[in-house]
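Participant: Here is the input, now give the coordinates:
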Amino acid sequence: MDHLRQIDELQLRYIDALDGKKMPAWLATFNAEGQYVCTTAESVEAGWPMALIMDDCHGRLEDRVKFVDKVWAGTFQDYQTRHFVQRMEVTPADGGLYQVRTNFSVMFTRSDTGHTDVLAAGVYHDLVDVSGGQALFRSKKAVIDAPLLPHYIVYPL
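Facilitator: Residues are numbered from 1 along each chain as shown. Modelled structure (predicted):
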């Protein structure tokens, strides 16, 4: 299977897991070195090391799954997400890695009102490992365009 197809299928597994609220499946899109960061374009442009979510190792990714599925369950007003992605660029790196830039938008529907709105739009900067026969994220950085979100986030973007 060619690398572009593997990368696209990985991105689809990622958004299917989030839109389906399947956090263990979300975790399975990362390799053992995996990390996830969600930040704002404002922070990136200013060089600020601030993030909305900073899961900088696989253990923290595992903690996020546990918190969303067990610790926080029933303590927040749930919402449904729908992710839309557009791959923009894939650049080979060393050792079976690819740098991938993908635009995204995430809609959300609140369970209390049934109203749908835009949660976030931005770009993913990913480092994808295709060396093991199946593409996996080594790192995923979601950079949102707006400095603030209209709603709290429980699920990664």
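Participant: so where's the protein uncertain?
Facilitator: In the predicted model, the chain carries pLDDT under 70 at residues 1.
Participant: And the strands in it, which stretches?
Facilitator: 30-40, 53-55, 79-92, 97-110, 116-129, 136-144 (DSSP state E).
Participant: which of those is buried the deepest?
Facilitator: Greatest average neighbour count among the strands of the chain goes to strand 136-144 (a mean of 22), per mean count of other CB atoms under 10 Å. For glycine as for every other residue, the C-beta is placed from the backbone atoms N, C-alpha and C.
Participant: Give me the helices and strands touching that one, please.
Facilitator: If contacts are counted by 3 or more CB pairs under 8 Å, 6 or more residues apart in numbering; DSSP states H and E, strand 136-144 sits against helix 3-19, strand 30-40, helix 41-46, strand 116-129.
Participant: quick one: contacts of it?
Facilitator: 10, 14, 29-31, 33-41, 44, 52, 97, 104, 120-129, 156-157 (CB atoms under 8 Å, 6 or more residues apart in numbering).
Participant: Go again with 7 Å.
Facilitator: 10, 29-31, 33-41, 44, 97, 120-129, 157 (CB atoms under 7 Å, 6 or more residues apart in numbering).
Participant: For it, output the C-alpha coordinates as PDB.
Facilitator: Taking Å, rounded to 0.1, in the frame of the first residue of the first chain, the C-alpha atoms of strand 136-144 are listed here in PDB:
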ATOM      1  CA  LEU A 136       0.700   5.700  13.200                       C
ATOM      2  CA  PHE A 137       1.100   9.100  14.600                       C
ATOM      3  CA  ARG A 138       4.400   9.800  16.300                       C
ATOM      4  CA  SER A 139       3.100  13.300  17.100                       C
ATOM      5  CA  LYS A 140       0.000  15.200  16.300                       C
ATOM      6  CA  LYS A 141      -0.300  19.000  16.900                       C
ATOM      7  CA  ALA A 142      -3.600  20.600  16.400                       C
ATOM      8  CA  VAL A 143      -3.200  24.400  15.900                       C
ATOM      9  CA  ILE A 144      -6.600  26.200  16.100                       C
END
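Participant: need the contact list for S111.
Facilitator: 77-79.
Participant: Skipping adjacent residues, who's closest to G132 in space?
Facilitator: N31 (7.5 Å; CB to CB, 6 or more residues apart in numbering).
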